[in-house]
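Visitor: structure for this input, please:
(one chain, ligands or ions: 1)
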Amino acid sequence: MQKIQNYINGILVAPNSGTYIDNYEPATGKVYGLIPDSDSYDVELAVKAAKNAFPAWSTTTVTERSKILSRISELIDKHLDRLALAESIDNGKPVWLASMIDIPRAASNFQFYATAILHYASGAHAMANKAINYTLRDPIGVVGCISPWNLPLYLFSWKIAPALAAGNCVVAKPSEVTPMTAYLLSEICIEAGLPPGVLNIVHGLGHSAGNAIVSHKEVTAISFTGGTQTGAQIAKIAAPMFKKLSLELGGKNPNIIFADCDYDKMLATTMRSSFANQGQICLCGSRIFVERSIYEKFKNDFVEKTKALVVGDPNEKSSKMGAIVSKAHQQKILSYIQLAKEEGGVVLAGGHAQQLEGRCKDGYFIAPTIIEGLDYNCRTNQEEIFGPVVTIMPFDTEQEVLMYANSVKYGLASTIWTSNISRATSMSQQIHAGIVWINCWLLRDLRTPFGGVKASGVGREGGFHALDFFTEPKNVCIEY
Ligand code: NDP
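Guide: The predicted model follows:
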């Protein structure tokens, strides 16, 4: 049974309370590790360490910071197999997926910000024959980074890397559901020679450890990715304390398919955008709108392919889908399938927990599920399910489908499939989302702004946007 520790002031330490939380392997339903149940005392130690480290770290040259972040990236690459296996055991996703996506992307996040900081510049504004303004971008101080369980190391590093690159010291909390790769990252940071206190990782529950980070008066900015409700709770605490806030929240993304699309590419990609990572990606397209003339063909092909998807042991290369992250989340998804039926939906594929045999007989699996026959405005089509469940609906006109797409409170991502460039351009302008993919999905360039509108969040991550968030601009005006 592996017992992990907090990473505070450069060393691995037990939680003050001495108590630990069980860590489950979702594919087997068994406890396989123990996680520190940290509280405000541990957070206090972490903030103190970060505060002490800040003067030296914030004045280190960008070249030196860049070197250390590159070293972390190289070590993530070096330990790829170990990290991928750990991510799979913790989260339930197939090992091949963690090896191909999660861990390489975590290495890229560190590498990207190791170089981005070298090219980060601020502006100057000359006032004709009178004065010049120049803008400094200073690190903020001690910042809090809180991340969810669906892409554990990938999203954790997406926050930590720009925060450190900009010269801040960090107190971070991964989801208590998937803490293992964050723990392995602390070992990597020690190996990479990151100075003590620059990054502190506190494990524990959201309402205790997470809340202590958010409400600590010395933590002046919070970067949070997670559910919309949690985001609202965090904003309630942080806003009156005038903290900088970046909130990446939930989604209910439309996937809009026109008859003139590249059908084969659309079908293959729609399989991924529906069920990749067991549908537990905030960018998955869970509402699929199909132009009526190809609706029946799409339905038949999509159902056939979905029924053929292998849900299995995450260790097996043949498993296209692994386990749902926790028993509680599995039950939540199943309750939404039940709700869909009560709302008049017809289950075309899946619709039930999937029972495996052998090692995984007690794991939390769900068969990939397609539901049709629901109104665009029913609860199933309005609320985030965050699992391998999609609905399909026909439409006739662009205006009609735009209304459906924009009818939800969320506005994270959207996908449009069409070969008509004018239509794609016009729809992209009218759709309420922070991200529009045309004839593709999850094609990510780390330089682009990432984030949502409406209940999907506030602010943007990615590229220089994250460096803007993790620095404070100061204008200096000189009259001559
Ligand atoms: P949660 O909001 O439950 O948790 C996210 C993180 O916040 C966890 O580390 C959690 O800890 C912590 N937390 C919970 N309550 C508090 C609190 N009161 N104060 C401080 N921290 C707290 O989200 P999930 O982990 O369930 O992740 C799924 C959600 O994340 C989905 O809604 C999904 O759409 C969203 N998401 C958004 C993305 C985006 O980029 N917009 C990307 C990926 C996911 P603990 O685990 O202990 O509860």
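
Visitor: host element of the spatially most central residue of the chain?
Guide: Taking CA atoms, centre = their mean, the centroid of the chain lies closest to Leu155, which sits 4.8 Å from it. Leu155 is located in helix 152-165, with elements delineated by DSSP states H and E.

Visitor: can I assume the residue nearest to the centre of the chain is in contact with Thr225?
Guide: Yes. Because the distance of 5.3 Å satisfies CB atoms under 8 Å, Leu155 is recorded as touching Thr225. For the C-beta atoms, the positions are set from N, CA and C on the backbone; glycine is no exception.

Visitor: now do the shared contacts for the two.
Guide: Taking CB atoms under 8 Å, 6 or more residues apart in numbering as the contact definition, Leu155 and Thr225 share the neighbouring residues 147-148.

Visitor: still on that earlier bit, ok, now which ones touch the residue nearest to the centre of the chain?
Guide: Residues in contact with Leu155 (CB under 8 Å, 6+ apart) are 147-148, 225.

Visitor: number of nearby residues for Leu309?
Guide: The tally of other residues near Leu309 (other CB atoms under 10 Å) stands at 18.

Visitor: what does Asp81 give?
Guide: A count of neighbours around Asp81, defined by other CB under 10 Å, yields 12.

Visitor: what does the residue nearest to it when sequence neighbours are not counted show for phi and psi?
Guide: Once its chain neighbours are removed from consideration, Asp81 has its nearest residue in Ser99; the separation is 7.2 Å (CB to CB, 6 or more residues apart in numbering). Dihedral angles of Ser99 (phi, psi; degrees, to the nearest 10) stand at phi -70, psi -30.

Visitor: start the count at 52, not 1, going forward
Guide: Okay, residue one is now 52; in that scheme the one you just asked about reads as Ser150.

Visitor: ok, Ser150 touching Leu131?
Guide: Yes. Between Ser150 and Leu131 there is a contact at 6.5 Å, judged by CB under 8 Å.

Visitor: those residues of this protein touching the ligand, which are they?
Guide: With CB under 6 Å from any ligand atom as the criterion, the chain meets the ligand at residues 197-201, 206, 224, 226-228, 256-258, 261-262, 265, 276-278, 281, 284-285, 299-302, 333, 435, 437, 463, 503, 507-508.

Visitor: could I get the average pLDDT for the lengthiest helix in the chain?
Guide: When the chain is scanned for its longest helix (criterion: DSSP state H), the result is helix 91-109. Helix 91-109 comes out with an average pLDDT of 98.

Visitor: got the phi and psi for Phe293?
Guide: The main-chain torsion angles of Phe293 are listed as degrees, to the nearest 10 and equal phi 60, psi 40.

Visitor: distance-wise, check it relative to Ile285.
Guide: Phe293 sits 14 Å away from Ile285 when distances are taken as CB to CB, to the nearest Å.

Visitor: give me the more crowded residue out of those two.
Guide: Neighbours were counted for Phe293 and for Ile285 using other CB under 10 Å; Ile285 has more, 25 against 8.

Visitor: can you report how many residues lie near Tyr531?
Guide: The number of residues packed near Tyr531 is 7, by other CB under 10 Å.

Visitor: quick one: it from Lys525, how far?
Guide: Noted for Tyr531: a distance of 20 Å to Lys525, by CB to CB.

Visitor: contact partners for whatever residue of the stretch 302-451 of the chain ends up closest to the ligand?
Guide: At 3.2 Å from the ligand, Cys333 is the closest residue in the stretch 302-451 of the chain, using CB to the nearest ligand atom. Listed by CB under 8 Å, 6+ apart, the contact partners of Cys333 are 201, 276, 299, 301-302, 437, 463-464.

Visitor: hmm, 10 Å instead?
Guide: Residues in contact with Cys333 (CB atoms under 10 Å, 6 or more residues apart in numbering) are 199, 201-202, 206, 276-278, 299-304, 435, 437, 461, 463-464, 503, 507-508.

Visitor: check Gly278 too.
Guide: 199, 257, 284, 300-301, 333, 435, 437.

Visitor: part of a strand, is Ile307?
Guide: Yes. Per DSSP: H, G, I helix; E, B strand; the rest coil, Ile307 lies within a strand segment.

Visitor: tell me the secondary structure of the residue lying closest to Asn103 once chain neighbours are set aside, please.
Guide: Taking CB to CB, 6+ apart, and ignoring the residues beside it in sequence, Asn103 has Gly248 as its nearest neighbour in space, at 5.5 Å. Assigned with three-state DSSP, Gly248 falls in the coil class.

Visitor: show me what contacts Gly248?
Guide: Shown here is Gly248, whose contacts under the criterion CB under 10 Å, 6+ apart are 59-61, 97-105, 107-108, 193, 220-222.

Visitor: retrieve the pLDDT associated with it.
Guide: Predicted confidence (pLDDT) for Gly248: 98.

Visitor: ok, Phe349 next?
Guide: Phe349 is assigned a predicted lDDT (pLDDT) of 99.

Visitor: swap in Ile152?
Guide: The score at Ile152 is 98. That number is its pLDDT.

Visitor: what about the strands in the stretch 52-201 of the chain?
Guide: Along the stretch 52-201 of the chain, the stretches classed as strands by DSSP state E, counting those that start in this stretch are 53-54, 57-59, 62-64, 71-76, 81-87, 175-178, 182-190, 193-197.

Visitor: most tightly surrounded among these?
Guide: Looking across the strands of the stretch 52-201 of the chain with neighbours counted as mean count of other CB atoms under 10 Å, the highest average goes to strand 193-197: a mean of 29.

Visitor: counting by contacts, list what it packs against.
Guide: If contacts are counted by 3 or more CB pairs under 10 Å, 6 or more residues apart in numbering; DSSP states H and E, strand 193-197 sits against helix 91-109, helix 203-216, strand 220-224, strand 250-252, helix 262-266, strand 270-276, helix 279-289, strand 295-299.

Visitor: partner strands of that strand, with direction?
Guide: Strand 193-197 sits in its sheet next to strand 220-224 (parallel), strand 270-276 (parallel), going by DSSP bridges.

Visitor: right, so of those strands, which gets closest to Gly485?
Guide: For the strands paired with strand 193-197, proximity to Gly485 was assessed by CB to CB; strand 270-276 is nearest, at 13.3 Å.

Visitor: and the closest one, average pLDDT?
Guide: Mean predicted lDDT for strand 270-276 stands at 98.

Visitor: that one versus strand 295-299: what angle between them?
Guide: With axes from the mean of the first three to the mean of the last three CA atoms, to 10 degrees as the criterion, the two stretches strand 270-276 and strand 295-299 enclose an angle of 10 degrees.

Visitor: mind giving me the domain split of the protein?
Guide: When the chain is parsed into structural domains using automatic domain parsing, the resulting residue ranges are 53-300+507-530, 304-504.

Visitor: show the end-to-end separation of the shortest one, please.
Guide: For domain 304-504, the separation between the terminal residues is 12 Å (CA to CA, to the nearest Å).

Visitor: Val398: what secondary structure?
Guide: Three-state secondary structure (criterion: three-state DSSP) places Val398 in strand.

Visitor: report the contact partners of it.
Guide: Contacts were defined as CB under 10 Å, 6+ apart; by that measure Val398 touches 388, 391-392, 418, 420-424, 440.

Visitor: in strands, which of those residues appear?
Guide: Of the positions in those, 420-423, 440 sit in strands, assigned by DSSP state E.

Visitor: can you pick out the most distant pair from the residues you listed?
Guide: Between any two of the ones in strands among the contacts of Val398 (CB to CB), the greatest distance is 12.2 Å, for Glu423 and Val440.

Visitor: need the residues touching each of these two.
Guide: Residues touching both Glu423 and Val440 comprise 391, 398, with contact defined as CB under 10 Å, 6+ apart.
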